[in-house]
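In: can't give you the sequence, but here's the structure:
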């Protein structure tokens, strides 16, 4: 059974963020919803090595009204290994790519 939880962030009486997550032995999956300039969803997944150290983080930014077939506003992949962190982002709706590394299958 995986651990799971929820966080809610408020400013006065306003809810500005909520996160739910599920944490297993080698992975944590979750989603953060924020209501700052605009409301967005950020589903994420982080994987861990056998020693419990993070090795990869993937997340995307989506609007709440997006369908499952809609491209995300942005996707990011971050890998960690030794003393190196490689990060790359794709903004499919804008057609932009920036980063030092991004697996071919995650490009928009």
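Out: In hand now; what should we look at? All figures in this text were calculated on a predicted structure; none of them were measured in a lab.

In: CA only for contacts and neighbour counts going forward, please
Out: Will do.

In: what sits closest to residue 47 if chain neighbours are left out?
Out: residue 27 (4.4 Å; CA to CA, 6 or more residues apart in numbering).

In: how about the contacts made by the one you found?
Out: 45-48 (CA atoms under 8 Å, 6 or more residues apart in numbering).

In: so of the residues you listed, which ones are in strands?
Out: Within the contacts of residue 27, residues falling in strands by DSSP state E are 45-48.

In: now, which of those sits nearest residue 78?
Out: Taking CA to CA as the measure, residue 78 lies nearest residue 46 of the ones in strands among the contacts of residue 27, at 9.3 Å.

In: give me the low-pLDDT residue ranges for the chain?
Out: For the chain, the stretches with pLDDT under 70 are 1-2, 92-108.

In: and the strands in this structure?
Out: With DSSP E as the criterion, the chain has strands spanning 3-11, 14-23, 27-35, 39-48, 54-61, 74-81, 84-91, 96-99.

In: so can I have a markdown table of those showing distance to residue 67?
Out: Shown next, in a markdown table, are the strands of the chain (distance: least, CA to CA, whole Å):
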| stretch | distance to residue 67 |
| --- | --- |
| strand 3-11 | 24 |
| strand 14-23 | 20 |
| strand 27-35 | 16 |
| strand 39-48 | 12 |
| strand 54-61 | 13 |
| strand 74-81 | 15 |
| strand 84-91 | 17 |
| strand 96-99 | 21 |
